[in-house]
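> what follows is a predicted protein model with its sequence.
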Amino acid sequence: MPDIIQKLEALSLLLRCPVTGQQLHIATPEELRALSGNAGDGFLVREDKTAAFPVVNGIPSLLPESLIAFSL
(Lines give C-alpha, C1' and ligand atoms only; values in the text may rest on other atoms or scores of the structure.)
Protein backbone atom coordinates (compact mmCIF):
# COMPACT_ATOMS: atom_id res chain seq x y z
CA MET A 1 0.00 0.00 0.00
CA PRO A 2 2.82 2.55 0.61
CA ASP A 3 3.62 2.59 -3.12
CA ILE A 4 0.05 3.61 -3.87
CA ILE A 5 0.19 6.42 -1.31
CA GLN A 6 3.44 7.70 -2.83
CA LYS A 7 1.86 7.69 -6.29
CA LEU A 8 -1.22 9.51 -5.00
CA GLU A 9 0.99 12.10 -3.31
CA ALA A 10 2.73 12.72 -6.63
CA LEU A 11 -0.62 12.96 -8.43
CA SER A 12 -2.22 15.16 -5.79
CA LEU A 13 -0.78 18.23 -7.48
CA LEU A 14 -2.93 17.36 -10.48
CA LEU A 15 -6.04 16.01 -8.77
CA ARG A 16 -8.97 18.40 -8.42
CA CYS A 17 -12.36 18.18 -6.74
CA PRO A 18 -14.95 17.46 -9.44
CA VAL A 19 -17.47 19.65 -7.58
CA THR A 20 -15.46 22.81 -6.84
CA GLY A 21 -12.24 22.42 -8.81
CA GLN A 22 -10.15 22.84 -5.66
CA GLN A 23 -6.87 20.96 -5.32
CA LEU A 24 -6.92 17.68 -3.36
CA HIS A 25 -4.26 16.39 -0.96
CA ILE A 26 -3.67 13.21 1.03
CA ALA A 27 -5.38 13.42 4.43
CA THR A 28 -3.17 14.42 7.35
CA PRO A 29 -3.39 12.48 10.65
CA GLU A 30 -5.69 15.19 12.07
CA GLU A 31 -7.97 14.97 9.02
CA LEU A 32 -7.97 11.17 9.25
CA ARG A 33 -9.22 11.41 12.84
CA ALA A 34 -12.09 13.65 11.70
CA LEU A 35 -12.95 11.12 8.96
CA SER A 36 -12.46 7.99 11.09
CA GLY A 37 -16.13 6.95 11.00
CA ASN A 38 -16.15 6.72 7.19
CA ALA A 39 -15.19 3.79 5.00
CA GLY A 40 -11.96 4.03 3.05
CA ASP A 41 -8.28 3.10 3.16
CA GLY A 42 -7.39 6.78 2.99
CA PHE A 43 -8.84 10.07 1.84
CA LEU A 44 -8.13 12.90 -0.55
CA VAL A 45 -9.10 16.14 1.17
CA ARG A 46 -10.30 19.26 -0.58
CA GLU A 47 -8.18 22.42 -0.27
CA ASP A 48 -10.79 24.16 1.93
CA LYS A 49 -10.72 21.12 4.29
CA THR A 50 -14.51 20.78 4.37
CA ALA A 51 -14.85 17.64 2.26
CA ALA A 52 -12.95 14.52 1.23
CA PHE A 53 -13.10 11.65 -1.21
CA PRO A 54 -12.36 8.07 -0.09
CA VAL A 55 -9.52 5.95 -1.43
CA VAL A 56 -10.58 2.28 -1.51
CA ASN A 57 -8.12 -0.46 -2.47
CA GLY A 58 -5.76 2.24 -3.71
CA ILE A 59 -8.32 3.79 -6.05
CA PRO A 60 -9.65 7.29 -5.32
CA SER A 61 -13.40 7.62 -5.77
CA LEU A 62 -13.80 11.11 -7.20
CA LEU A 63 -17.48 10.84 -7.99
CA PRO A 64 -19.53 13.73 -6.59
CA GLU A 65 -21.74 11.24 -4.73
CA SER A 66 -18.64 9.89 -2.92
CA LEU A 67 -17.92 13.28 -1.34
CA ILE A 68 -17.81 13.20 2.47
CA ALA A 69 -18.42 16.51 4.24
CA PHE A 70 -16.54 17.01 7.52
CA SER A 71 -15.15 19.68 9.79
CA LEU A 72 -12.03 19.78 11.93
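That came through, no problem.

> in contact with L15, which residues?
The contact partners of L15, by CB atoms under 8 Å, 6 or more residues apart in numbering, come to L8, Q23, L24, L44, P60, L62. Where you see a C-beta, it was placed from the backbone N, CA and C, and this is true even at glycine.

> for the fifth one, grab phi and psi.
The reference is to P60. Per-residue torsions, P60: phi -70, psi 140 (degrees, to the nearest 10).

> what residues does it make contact with?
Counting by CB under 8 Å, 6+ apart, P60 has contacts L8, L15, L44, F53, P54.

> in terms of contact, does the fourth one touch E65 like I think?
No - between F53 and E65 there is no contact under CB atoms under 8 Å: 10.3 Å.

> ok, the two, which is more surrounded?
More crowded of F53 and E65, by other CB atoms under 10 Å: F53, with 24 against 5.

> tell me which element the more buried one is part of?
Using DSSP states H and E, F53 sits within strand 51-56.

> fine by me, thanks again.
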